[in-house]
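Asker: predicted model, plus sequence, below.
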Amino acid sequence: MLKKAIALVLSSTLLLQNSAVVYANNISLPDIGTAAASTLSIGQELEMGDYYMRMLRASAPIINDPVLNQYINEIGKKLVSKSESVQTPFHFYIMRSDVLNAFAFFGGNVVIHSKLILDTDNESQLASVMAHEIGHVTQRHLARAMEAQNRNSPYVWGATLGSLLLTLANPEAGMAAMTGTMAGSQQSMISFTQSNEQEADRVGLRTLVKAGFDPNASSEFLQKLADQSRFTTKPPEILLTHPLPNSRLSDVRSRSLQYGKKNVSSSIDYYLAKARLAILYNSRNKNIAKLLIEDYKKLNTPQSKVAIIYANALVDNHNGNNQKAKEQLQPLLDNDPNNIWYIDLMTDIDLAMNNGSSAITRLQAALKHSPNNAALKLNLANAYIKTKNYQQAASLLHRYTFDNSDDQNGWELLVQAYGGLNSRAQEMSAQAEVQALDGDFEGAINILQNAKRQTKNNQTLISKIDARINQIQKLQKRYAPYRR
């Protein structure tokens, strides 16, 4: 039991260290990974990864935007397909945060903070960060850290667990708490972290090149971060104890030069993703969207010009100027009718203007072209719900949640669909799945037990609910040691 408790604390600390060390290592980014098979099996890593992801959903501002999720996972899959020693599936997430950060943990889960995406100059730089994170996972750095801690004092990891939870939900507030907590043994962590970072740099660079991105993007982004910290009047405290070693930056630069310069254009999706993040998921700095558009004007490329139009349409839709938004977006959609970014925004505009039938027709046509596109399915389900076609929504979402059981978007929409149908037991069953994905197993079980009381002479549904209660109880028991 002690060993499992230490494992929880250690991996949690490494996640936290990631959230702060990012500054220290110039977004060298995480300090995690996993490692020796003598400590953890791949199966255990997958289990722990599932647990931590549930914890993250409940405590951190993970962005559940289907279009952004699709984009970040497409880049991730491209990189993973060219990575070495891949032993787990990979899942990529974006966290809404003004802290420059990214981290990876058990089970191939990689989280990128929104500010990091906004601060990159091109898609290759974003890919370089993601490739670095993938390297931490494939090299199993986290398990190596666990082995090292088993030979040393585990208490420091226990002391930082509370700070981790704070940092996940509020990175800025958690940073100071973590810095004080780590004071006693930070030097030993630094040397270990640097070793991991350099290995992830080397592995990530190979992946970056194989995937067709610019090999110089990695050193360029690290240099950019180093320059930013150098001119900061009050750098994060973590920089004082976890400085970016010149040797690491030099190593990345020299290795990048071996591959030569490669001109790689950023995709239009990259520009659209940054615009969407700046406008829809940036609540603190209202100038970011304006600054981004100004940067796009300076670029003056075909992609940036299109992205400016999309950004302006997003702003108008966000402010309720839907007719103006539609007039701006329509030419883009006419020119590229299967573009998911345009379809998604036009759907929002149509629904806001009570043109739900147009949205549904467009989405149905798009799905014929891309029948497995998750973002399109979720958009169509939402359009059905907004137009009160609840049965069609429920049928679509029933299939969707079966295929994508870990997507909260699907379950949350299914709650609405069954609510519209006044199917109380099924509505509660869908809500229980949302609770379970947030790690609230007890709450999910209670909801399902209440759902049973809502059923009337439907033995099939009762049996399904009983089976699901049993499954969640087993999951709750298996994950109980991680909570201690």
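Answerer: Ah, there it is. Numbering: from 1, shown residues only.

Asker: what is the neighbour count of residue 97?
Answerer: Other residues near residue 97 come to 22 when the count uses other CB atoms under 10 Å. All C-beta spots, glycine's among them, are computed from the backbone N, C-alpha and C.

Asker: how about it, secondary structure?
Answerer: Put simply, residue 97 is coil when judged by DSSP: H, G, I helix; E, B strand; the rest coil.

Asker: cool, and residue 74?
Answerer: Here residue 74 is recorded as helix under three-state DSSP.

Asker: look up how far residue 95 lies from it.
Answerer: Relative to residue 95, residue 74 is positioned 18 Å away (CB to CB, to the nearest Å).

Asker: what residue ranges in the stretch 251-400 of the chain score low on pLDDT?
Answerer: Within the stretch 251-400 of the chain, the segments meeting pLDDT under 70 span 283-284.

Asker: so for residue 431, what's the nearest residue that isn't a sequence neighbour?
Answerer: Sequence neighbours aside, residue 415 is the residue nearest to residue 431 in space, at 5.1 Å (criterion: CB to CB, 6 or more residues apart in numbering).

Asker: helices or strands up against the strand or helix carrying the one you found?
Answerer: When secondary structure is defined using DSSP states H and E, the element that contains residue 415 is helix 408-420. Secondary structure elements in contact with helix 408-420, counted by 3 or more CB pairs under 8 Å, 6 or more residues apart in numbering; DSSP states H and E, are helix 374-386, helix 390-403, helix 424-437.

Asker: now the residue most central in space within the chain: phi and psi?
Answerer: Most central residue of the chain, judged by C-alpha distance to the mean C-alpha position with CA atoms, centre = their mean, is residue 93 at 1.1 Å. Main-chain torsions, residue 93, degrees, to the nearest 10: phi -130, psi 160.

Asker: right, and it touches residue 71 too?
Answerer: No: because the distance of 11.9 Å does not satisfy CB atoms under 8 Å, residue 93 is recorded as not touching residue 71.

Asker: mind listing the helices for the stretch 201-350 of the chain?
Answerer: With DSSP state H, counting those that start in this stretch as the criterion, the stretch 201-350 of the chain has helices at 217-230, 238-241, 246-259, 268-280, 287-299, 302-318, 322-335, 340-352.

Asker: let me know the pLDDT of the closest residue in space to residue 128 that isn't next to it in sequence.
Answerer: Here the nearest residue to residue 128 in space, its sequence neighbours aside, is residue 218; by CB to CB, 6+ apart that works out to 4.0 Å. Here the pLDDT value assigned to residue 218 is 90.

Asker: ok, now how distant is the closest residue to residue 380 other than its chain neighbours from residue 385?
Answerer: Once its chain neighbours are removed from consideration, residue 380 has its nearest residue in residue 363; the separation is 4.2 Å (CB to CB, 6+ apart). If you measure residue 363 against residue 385 using CB to CB, the figure is 13 Å.

Asker: then residue 76?
Answerer: The span separating residue 76 from residue 385 equals 30 Å under the rule CB to CB.

Asker: same thing with residue 219?
Answerer: In this structure, residue 219 lies at 48 Å from residue 385, with CB to CB as the measure.

Asker: just checking, residue 80 touches residue 134?
Answerer: Yes: under the criterion of CB under 8 Å, residue 80 lies in contact with residue 134, with a separation of 6.2 Å.

Asker: have a look at these two and say which one is more surrounded.
Answerer: In this comparison of residue 80 against residue 134, neighbours counted by other CB under 10 Å, the higher total goes to residue 134 at 28 against 23.

Asker: so that one is in which element?
Answerer: Taking DSSP H and E as the criterion, residue 134 maps to helix 123-138.

Asker: cool, residue 94 as well?
Answerer: Taking DSSP H and E as the definition, one finds residue 94 inside strand 91-95.

Asker: which outside residues touch that strand?
Answerer: Residues outside strand 91-95 that contact it (CB atoms under 8 Å, 6 or more residues apart in numbering) are 53, 56, 60-63, 65, 68-69, 72-73, 75-76, 107-114, 117, 130, 277.

Asker: in helices only, show me those.
Answerer: Using DSSP state H, the members of these that fall in helices are 53, 56, 68, 69, 72, 73, 75, 76, 114, 117, 130, 277.

Asker: who wins on neighbours among these?
Answerer: With neighbours defined as other CB under 10 Å, the most crowded of these is residue 130; it has 29 neighbours.

Asker: pLDDT score for that residue?
Answerer: Reading off the confidence values, residue 130 has pLDDT 94.

Asker: give the full set of residues in contact with it.
Answerer: Applying CB under 8 Å, 6+ apart to residue 130 gives the contacts 75, 76, 79, 92, 102, 110, 112.

Asker: how many neighbours does the spatially closest residue to the last one that is not a sequence neighbour have?
Answerer: Put plainly, it is residue 112. Closest residue to residue 112 apart from its sequence neighbours, by CB to CB, 6+ apart: residue 102 at 4.7 Å. Taking other CB under 10 Å as the neighbour definition, residue 102 ends up with a count of 26.

Asker: mean confidence for the helix or strand residue 46 falls within?
Answerer: Assigned by DSSP H and E, residue 46 falls within helix 42-59. Over the span of helix 42-59, the pLDDT mean works out to 85.

Asker: can I get it in CSV? Just the C-alpha atoms.
Answerer: Extracted as CSV, the C-alpha positions of helix 42-59 are listed here (Å, rounded to 0.1, in the frame of the first residue of the first chain):
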residue,chain,number,x,y,z
ILE,A,42,2.4,-1.0,-19.1
GLY,A,43,-0.9,-2.1,-17.9
GLN,A,44,-0.4,-0.3,-14.6
GLU,A,45,0.7,2.8,-16.4
LEU,A,46,-2.5,2.8,-18.5
GLU,A,47,-4.6,2.3,-15.3
MET,A,48,-2.8,5.2,-13.5
GLY,A,49,-3.1,7.4,-16.6
ASP,A,50,-6.8,6.8,-16.7
TYR,A,51,-7.1,7.8,-13.0
TYR,A,52,-5.1,10.9,-13.4
MET,A,53,-7.0,12.0,-16.5
ARG,A,54,-10.2,11.7,-14.5
MET,A,55,-8.7,13.8,-11.8
LEU,A,56,-7.7,16.4,-14.3
ARG,A,57,-11.1,16.6,-15.9
ALA,A,58,-12.6,17.3,-12.4
SER,A,59,-10.0,19.9,-11.3
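
Asker: how's this protein carved up into domains?
Answerer: By the assignment in automatic domain parsing, the chain contains the domains 2-259, 269-483.

Asker: quick one, which of those domains is packed in tightest?
Answerer: For the domains of the chain, ranked by mean neighbour count under the definition mean count of other CB atoms under 10 Å, the leader is domain 2-259 at a mean of 20.

Asker: do you know the pLDDT at the residue in the chain sticking out farthest from the centre?
Answerer: Taking CA atoms, centre = their mean as the measure, the residue most remote from the mean C-alpha position of the chain is residue 457, 42.3 Å away. Here the pLDDT value assigned to residue 457 is 82.
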